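*Asks:* Here is a sequence with its predicted model. Questions after.
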Amino acid sequence: MSKQINSLMMRMTPEEKIGQLNLVNPGIFANTGAVVTQDIDGKIRKGQVGGLFGYYDAALVGKTQRLAVEESRLGIPLIFGLDVIHGHKTIFPIPLALSCTWDMPLIEKSARIAAMEATADGLNWVFSPMVDIARDPRWGRIAEGAGEDPYLGSKVAAAMVRGYQGDDLSRPDTVMACVKHLALYGDAEGGRDYNTTDMSRLKMHEYYLPPYKAAVEAGAGSVMSSFNEVDGVPAAGNKWLMKDLLRGLWGFNGFVVTDYTSINEMTCHGTGGLKENSARALKAGTDMDMVGECFLTTLLESLEDGSVSMDDIDAACRRILEAKERLGLFDDPYRYVDEKRAGEVLSEDSRAAARDMAARSCVLLKNDGPLLPLKKEGTIAVIGPLADDKRNMPGTWSIASDWTQCVSVLEGMKNAAGAGVKFLHAAGANFTRDPVLAERLNFSGERVLIDPRSQQEMIDEALKVARKADVVVAVVGEAQEMSGEAASRVDIGIPQEQLPLIDALSKTGKPLVLVIATGRPLTLVRECEQAQAMLLMWFGGTEAGNGVADVLFGHHNPSGRLTATFPRHVGQVPLYYNHKNTGRPYDGAKPAEKFKSRYLDVENGPLFPFGFGLGYAPFEYGPLRLDKTELQGAETLTAAIAVKNAGDCAGEETVQLYVSDPVASVTRSVKDLKGFEKVFLQPGEEKDVSFAVTTEQLMFFNGDLQRVWEPGEFVIHVGRNSGDVQSASVQWKK
Ligand code: BGC
């Protein structure tokens, strides 16, 4: 325990201690709910504020910090946070896209650059990584995480924390991470944001909790609790979640902040009034109250009537002061306030990294012909509402981005193609014609402008352009705010308004490439029949257009692999690769069979499975080789496979290892990802990829919630995606 904090706390009044628990939002940028706080400056002077968020710029931060340091009684510095989710000023692809790189050093680098830029803007705390496992693409916030798999999600979570925090939080270019949202937020029923969730402890531990735990183990300094309830208790007031699990079992010693007005919202959830919920939240392990000022307005009274103790308040206050100490703010409250660093943002290097990440996040879904890569000749029509769009390139949660700095796909293609190509362009469709929807999509600035021409007029113009071209590239999909927070959809196809355009283009007989912007898996059955090639670009950030063009023209051989399943139909949702077998699995062998776990009107399987992605070079796999088929205890199994680049361009393959446990005391999923290896191969080159499998990869949570492995048969699968593997069995004895 730090002497400095001890002596400070001895001088603090209960009011000042409660003040440290108050996180306020000045209401300039990140308003995802009501802005409650009035007279922030006055409150800072009175020691009633512990930190601010939704606020950046070194000069502004410096001015506010000075108020706290010079004009409050004890001069305790503030922390300054922001939702820096996928880059700060230089915007990288949305997290779901970045996860498709399966490239941890690259993901860590994105967080490192974000930390540099954020601190150059006065910040020392970021509300990231968001590590909620999501199996339901109706939920718009699937865009913010790493998809459906806990193993990959845990790797990404740890990489992000390392990138933000480095190995020394007090460095002026590192920030404190805030892993969110504890817990299970991604399982909102029906995919409707903020909705209830309810799941077994077994499912939590096996599939949903691992990424939070991984972020904690990587040293995340803070945790944000979620909006939803867990086991019938809203997360912000859930003692099991914060005290027993997070602090007790996982050993977390940082601080916990609520989500936006979460304590106030407990009343709507149905657990009583503000005062009792605030006391409950504090006693359950909440340290900081985001926006709601519930602690500020009720805790003193609760202290007096005994519903909270001074120890409860002290514990929370101490954790916040400790975070400030770790950030080095007591040594120098202005450590992160250096106006001379303004030039560090959007540097050439950061933009180059963003371009590389944008290219590496793209997932090639289809390439008949092969139509891609495009030749740098002839006439290319680049059509669609996203074809020459900069406004939507950043993607959701890009608060500090400036869309005018972004590169559109058309612009990127022009940059890449040189003088030999003639480009034609037409928008061809609106995102929507509904002004009310447009207003919601434009809450953070104008993303969606409605072209007043009729749908037919726009299509006619596009067709005129398409007919003059040798190849048509249609850039279609979601506007950036169609995914993200409070952006749930039940129709997870390409927005309706664009469908007649795609139909019309496909009937021209011109080769058609669909480049698809989206923040979630989409249903693309019809488009898959209509287009010769489909490239998923997600939302690629500042350099989106250049990154996509690098892929389209073959400067980069596409290497992204899906981290969330693409269903055929929304009715299959939730659809994920690591599902249970059931007692009546359907294997496709007898289509007339009735009493099986299947639909009458759609196949069980996905359109594109977890781990899927094509490239421009075919990779050939040799047979799976296991060095043993019988093992005992601590022995190591080696699973090896030869991978050859049989194409004529260099490329990267992601070889995936899955394990299944067909006989266990509790049912297990059909397979679970347990390893992956990225290999870069020159044309004709072959490499052996091998995985060491130990009992660690065989472990799971049993009925007593103990993590164990149970001797017996295991199946080892190695392959190019979750639906395309080679498998072999081993017997593993105790
Ligand atoms: C979101 C959080 C975010 C917070 C602060 C909330 O609405 O759920 O992810 O960090 O707002 O902006």
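*Replies:* Right, received. Where do you want to start? Residues are numbered from 1 along each chain as shown.
*Asks:* alpha carbons only for contacts and neighbour counts from here, please
*Replies:* OK.
*Asks:* So V715 sits against Q726, correct?
*Replies:* No. Look at V715 against Q726 with C-alpha atoms under 8 Å: they stay out of range, at 10.0 Å.
*Asks:* so how many other residues sit close to the nearest residue to G166 once chain neighbours are set aside?
*Replies:* Across the structure, with C-alpha to C-alpha, 6 or more residues apart in numbering as the measure, the residue nearest G166 apart from its sequence neighbours is T174 (6.4 Å). Here the count is done by other C-alpha atoms under 10 Å, and T174 has 30 residues near it.
*Asks:* OK, contacts around the residue sitting nearest the centre point of the chain?
*Replies:* To find the centre residue of the chain, average its C-alpha atoms and take the closest one (C-alpha atoms, centre = their mean): that gives G145, at 1.9 Å. By C-alpha atoms under 8 Å, 6 or more residues apart in numbering, the contact set of G145 is 95-96, 99, 129-134, 153.
*Asks:* repeat that with 6 Å
*Replies:* Contact criterion C-alpha atoms under 6 Å, 6 or more residues apart in numbering gives 95-96, 130-131 as the residues in contact with G145.
*Asks:* roughly how far apart are the residue nearest to G420 when sequence neighbours are not counted and V421?
*Replies:* Counting by C-alpha to C-alpha, 6+ apart, G420 lies nearest to E377, which is 5.2 Å off, once chain neighbours are set aside. As defined by C-alpha to C-alpha, to the nearest Å, E377 lies at a distance of 5 Å from V421.
*Asks:* Looking at those two, which one has more neighbours?
*Replies:* Comparing E377 with V421 by other C-alpha under 10 Å, the one with more neighbours is V421, at 16 against 13.
*Asks:* Dihedrals phi and psi, A642?
*Replies:* Torsion angles at A642 (phi, psi; degrees, to the nearest 10) stand at phi -90, psi 140.
*Asks:* looking at the sheet around it, what are its partners?
*Replies:* Partner residues in beta bridges with A642: D688, with DSSP bridges as the criterion.
*Asks:* Domain-wise, how is this protein divided?
*Replies:* Domain assignment for the chain by automatic domain parsing gives 1-79+258-335, 124-255, 346-551, 617-733.
*Asks:* Which one of those lies nearest to A115?
*Replies:* Closest approach to A115 among the domains of the chain (C-alpha to C-alpha): domain 124-255, 5.3 Å.
*Asks:* from what I can see K674 touches Y658, true?
*Replies:* Yes. Using C-alpha atoms under 6 Å as the test, K674 is close enough to Y658 to be in contact (5.3 Å).
*Asks:* quick one, which of these two is more surrounded?
*Replies:* Looking at K674 and Y658 with other C-alpha under 10 Å, you find the greater number of neighbours at Y658, namely 23 against 20.
*Asks:* Go ahead and name everything in contact with the helix or strand harbouring the more buried one.
*Replies:* Taking DSSP states H and E as the criterion, Y658 maps to strand 651-660. Where contact means C-alpha under 6 Å, 6+ apart, the residues beyond strand 651-660 that reach it are 557, 559, 671-681, 714-720.
*Asks:* State which one residue of the stretch 501-650 of the chain is found closest to the ligand.
*Replies:* Minimum separation of the stretch 501-650 of the chain from the ligand (C-alpha to the nearest ligand atom) falls at G519, amounting to 15.7 Å.
*Asks:* check contacts around the spatially closest residue to that residue that is not a sequence neighbour.
*Replies:* Sequence neighbours aside, A143 is the residue nearest to G519 in space, at 4.7 Å (criterion: C-alpha to C-alpha, 6+ apart). When the contact criterion is C-alpha under 6 Å, 6+ apart, the partners of A143 are 96, 484, 519-520.
*Asks:* Show me the two of those residues that sit farthest apart.
*Replies:* Pairwise distances across these peak at 10.8 Å for L96 and G484 (criterion: C-alpha to C-alpha).
*Asks:* more neighbours, the two?
*Replies:* Comparing L96 with G484 by neighbour count (other C-alpha under 10 Å), the higher total belongs to L96, at 27 against 21.
*Asks:* was I right about that one contacting I142?
*Replies:* No. Under the criterion of C-alpha under 6 Å, L96 makes no contact with I142, lying 7.0 Å away.
*Asks:* What are the phi and psi values at N367?
*Replies:* Its backbone dihedrals place N367 at phi -160, psi 70, with angles given as degrees, to the nearest 10.
*Asks:* Return the residues in contact with it.
*Replies:* The contact partners of N367, taken as C-alpha under 6 Å, 6+ apart, are A533.
*Asks:* Recalculate using a threshold of 10 Å.
*Replies:* The neighbours of N367, taking C-alpha atoms under 10 Å, 6 or more residues apart in numbering as the test, are 373, 513, 531-535, 614-616.
*Asks:* what's the answer for Q632, then?
*Replies:* Contacts for Q632 were tallied using C-alpha under 10 Å, 6+ apart; they are 695, 711, 731-734.
*Asks:* mind checking pLDDT for M1?
*Replies:* Confidence per residue is given as pLDDT, and for M1 that number is 64.
*Asks:* Correction: the previous question concerned Y55.
*Replies:* pLDDT, Y55: 87.
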